[in-house]
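# Structure of the sequence below:
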Amino acid sequence: MTALLHCRALPRRCCAGQASRPHRPRHPRCDAAPQDTATSTSVRHLIELRDGTPHLSYDLADGSAADPAARNGTGAPALDGARGLDGPVDALAQQLRSVFLPRGWPGSAAPEYLEYQAWAVLCHITGWVSNGLATSSLFSGAGIGASPGQVVASSAAIKWVQKDGLGALGRLLAGGRLGLEVDDDPRYWRMVAEAVSTGGFFLQVLSGVAPSYFLLLAGAGTLLRAAAKGFGRPAFRVIQQHFAATGNVGDIAAKEEVWEVVGQVLGSLLCVAVLRNLDDKDVVRAQGEVLAMAFGRGPEAWKEFAPAVLLPWWAAAQALHVALRYQCMRVLRFPTISAKRAAVLVRAHVAEGAVPSVREVNEAERMLASSRRAVEFCRVGASVEDLVAARGEGGACVSLSDAVELYSPTQDGYVLTWHGGCAAVALYEGASGRACLQAMYQAAILEARGESGGSTSALRSSLKEARDAMDGFVAACGDAGWLTDDRSVLVPLGVTRLQLPRGPEG
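As a prediction, the model looks like this:
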C-alpha cells in the first residue's frame, strides 16, 4: 500500500550550520514557501497514512514510531495497556475496510455507496434463496431428487437451463433493444429487470407443480430470466460508474463481487434451512392441508397440493427480494440530468426561480414510471408528423413552415410546437444537451401559462423567455450540485432528427 506523509514544515535542523552564509536550500521543495519559525518548531510529529487512515505517528525528536491512537494529548506514547484493546480491533476494522470498501473511501465513492451496499447484501441473500427454491422446483419437475444437499451441490449443473438457445435469445432481444435508455434511467430498467425475472422464476417454480408441462414452463422461464439479465446488467454497469467518484470503476466492481459473495453464501445457507424444513413429511402434510382448504378442498386432499408447498415460500422470498431491490434503487443519488430529473428542475425553476437539490429530485423521481409517462408535458424526439398532428383537445396552431422559421437550428437546435397541453419537440441533428433543456424549459413555461394551443405569438414569447433564462437556470443547477456538461445532460438516442438540406436548394 502506498504510504502518504503529511507534515506542515520540515524540522529546523535540516538547515542547521548555514546561519553564517546566505540560505541556499538543498532541495527545490524547500523554497516553495517561506518557513515561519514558530510553525517549524511546533512540528513534533509526522503521521503516516495508509489507505487514508493514520497508520503510524513518528516523533521527529527521537525518530520513534507509535500508533497514532496510542499517543496521549501531549504527543507522548501512552501506556502499553491503553492500546491493548484498541490494537486488534483497529487491525480487524482496517482489514474489513480493505476487503469491503474501495480504496480511499469515502472520498473514492458516491456518498450513498455504503447505504446502498447495506441494502444490496440483503437483496443478494433473498435473491439466492429465491433462486435456490426455483432450482429445487426445476429438479422436481425434471424428476430429479431435490434434497437440500443435492440442490446446493447441483446448482451449478442446472446452468444448462440458462445456457440454451432460449436464454441466448432472451439476452439478444433485451440487449439489442436498449441503448441510451439505460443511461437515462437505470433505476427504472433495473426494476423492469426484477419484474421480468420474477415472471421467469414463477414459471420455473410452476414446472415443479405441473411436471407434464416442464419443457414449456422451464423454457419460457429461462427466456424471461435471460431477458431480465439483458435489462439488468447494463443498468448495473451504469450504477457502478456512478459510484466510481474518482474513475475507479475496477475497484468498485471488485468490491461489488465481495458483497455479492457474502450474500450468496448467506442466502444458500438460508435456502438449505428452508429446504430441510420442506423435507419433513409432517411439515409438507400440514402445509398441503392449508393449501387444500384455501382452494375449497378438504384436508384429506393434501397430497394433491404437496408439490405446491414450495410456492408460498418462494413467493415470500421473491417479494422481499423485489422490495429490497426497490430500496437499493431508492437510495441512489444521480447528479446527471435525465429526462425525468430535467422535468422536475425546469418546472421548479419556472415556478419558483430556484432548483431543488440532487437529493430532493432523486427522492421525488417517479422511479417505476418510464420517461415518457413521467414527462407528460413534453415529448423530446418527436417526428415531423407529431409537430403538426392534433393531440388531446387541440391541434397545432402553427404551420410547419412557420414553426421551422421560428427556431434557429444552431442557436436553439430544435423545433417545438404546443397542442393539447403537451409539447412536441423535434431535435436537429447534433443537438446538444442544452438544447434539450431549453426545449423542456420552454414547454414548462407554456404549461405554467395554461396554454392549450400554441399560437405563433405564444411560441415566440415563450422561446424568448426560455433563451433569456437558460444561463441563469444552468448556473442554478450547477450551484445545486447538478452536472450540466453535455455528457451529463442525457440526450435520447434512437429518435427522429431534423436536417436542413445542404447546397443551393437549401
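
# Low-confidence bits of this protein, can you list those?
Counting by pLDDT under 70, the chain has low-confidence residues at 1-42, 50-55, 63, 67-87, 141-180, 390-397, 491-495, 502-506.

# residues contacting the most centrally placed residue in it?
In the chain, the centroid-proximal residue (C-alpha atoms, centre = their mean) is residue 239; its distance is 3.3 Å. Listed by C-beta atoms under 8 Å, 6 or more residues apart in numbering, the contact set of residue 239 reads 186, 190, 332. C-beta: built from backbone N, CA, C; applies to glycine.

# Need the three-state assignment for it.
Under DSSP: H, G, I helix; E, B strand; the rest coil, residue 239 falls in the helix class.

# Could you do residue 482 as well?
coil.

# is it true that residue 236 touches residue 187?
No. Using C-beta atoms under 8 Å, residue 236 is not in contact with residue 187, being 10.9 Å away.

# More neighbours: these two, which one.
residue 187 (22 against 18; other C-beta atoms under 10 Å).

# In terms of helices and strands, where is that one?
Residue 187 is part of helix 186-209 when elements are defined by DSSP states H and E.

# and if you look at residue 111?
Counting by DSSP H and E, residue 111 is part of no helix or strand.

# quick one, phi psi at it?
Torsion angles at residue 111 (phi, psi; degrees, to the nearest 10) stand at phi -60, psi -30.

# What sits closest to it if chain neighbours are left out?
Excluding its sequence neighbours, the residue lying closest to residue 111 (C-beta to C-beta, 6 or more residues apart in numbering) is residue 333, at 6.9 Å.

# From residue 483, how far out is the one you found?
12 Å (C-beta to C-beta, to the nearest Å).

# who's more crowded, the two?
More crowded of residue 333 and residue 483, by other C-beta under 10 Å: residue 333, with 18 against 14.

# tell me the secondary structure for the more buried one?
coil.

# So which residues of the stretch 201-350 of the chain form helices?
Applying DSSP state H, counting those that start in this stretch to the stretch 201-350 of the chain gives helices spanning 214-243, 249-279, 281-294, 302-305, 310-330, 339-352.

# Now do the last one against helix 186-209, angle only.
What it means is helix 339-352. Helix 339-352 and helix 186-209 are oriented at 140 degrees to each other (axes from the mean of the first three to the mean of the last three C-alpha atoms, to 10 degrees).

# which helices and strands sit right next to helix 339-352?
Secondary-structure packing of helix 339-352 (3 or more C-beta pairs under 8 Å, 6 or more residues apart in numbering; DSSP states H and E): helix 358-364, helix 371-374, helix 433-449, helix 456-479.

# Dump these into CSV; add distance to residue 103 and mean neighbour count as well.
Below are these laid out as CSV (distance: least, C-beta to C-beta, whole Å; neighbours: other C-beta atoms under 10 Å):
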stretch, distance to residue 103, mean neighbour count
helix 358-364, 25, 17
helix 371-374, 35, 16
helix 433-449, 32, 23
helix 456-479, 29, 16
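
# Could you dump these into TSV with distance to residue 210 added?
Output for the helices and strands packed on helix 339-352, formatted as TSV (distance: least, C-beta to C-beta, whole Å):
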stretch	distance to residue 210
helix 358-364	43
helix 371-374	36
helix 433-449	50
helix 456-479	55
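
# Between the ones you listed, which one is closest to residue 201.
helix 371-374 (26.2 Å; C-beta to C-beta).

# for the closest one, packing partners?
By 3+ C-beta pairs under 8 Å, 6+ apart, helix 371-374 packs against helix 339-352.

# If you count neighbours, what's buried in the helix it packs on?
339, 340, 341, 342, 343, 344, 345, 346, 347, 348, 349, 350 (16 or more other C-beta atoms under 10 Å).

# what comes into contact with it?
Taking C-beta under 8 Å, 6+ apart as the rule, helix 339-352 contacts 184-185, 334, 337, 354-356, 361-362, 364-366, 369, 371, 374-375, 377-378, 380, 436-437, 440-441, 443-445, 447-448, 469, 473, 476-477, 482, 489-490, 492.

# what domains does the record give for this protein?
Domain assignment for the chain by automatic domain parsing gives 3-100, 113-330, 339-498.

# how about these in JSON lines, adding distance to residue 106?
As requested, the domains of the chain are exported to JSON lines (distance: least, C-beta to C-beta, whole Å):
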{"stretch": "domain 3-100", "distance to residue 106": "9"}
{"stretch": "domain 113-330", "distance to residue 106": "7"}
{"stretch": "domain 339-498", "distance to residue 106": "16"}
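
# okay, and the common contacts of residue 333 and residue 483?
Residues touching both residue 333 and residue 483 by C-beta under 8 Å, 6+ apart: none at all.

# So which of the buried residues of helix 339-352 is the closest to residue 198?
The nearest one, if we look at the buried residues of helix 339-352 relative to residue 198 and count by C-beta to C-beta, is residue 340, at 23.6 Å.

# buried ones in the helix or strand that contains residue 415?
Per DSSP H and E, residue 415 falls inside strand 414-419. Of all the residues in strand 414-419, those buried under the rule 16+ other C-beta under 10 Å are 414, 415, 416, 417, 418, 419.
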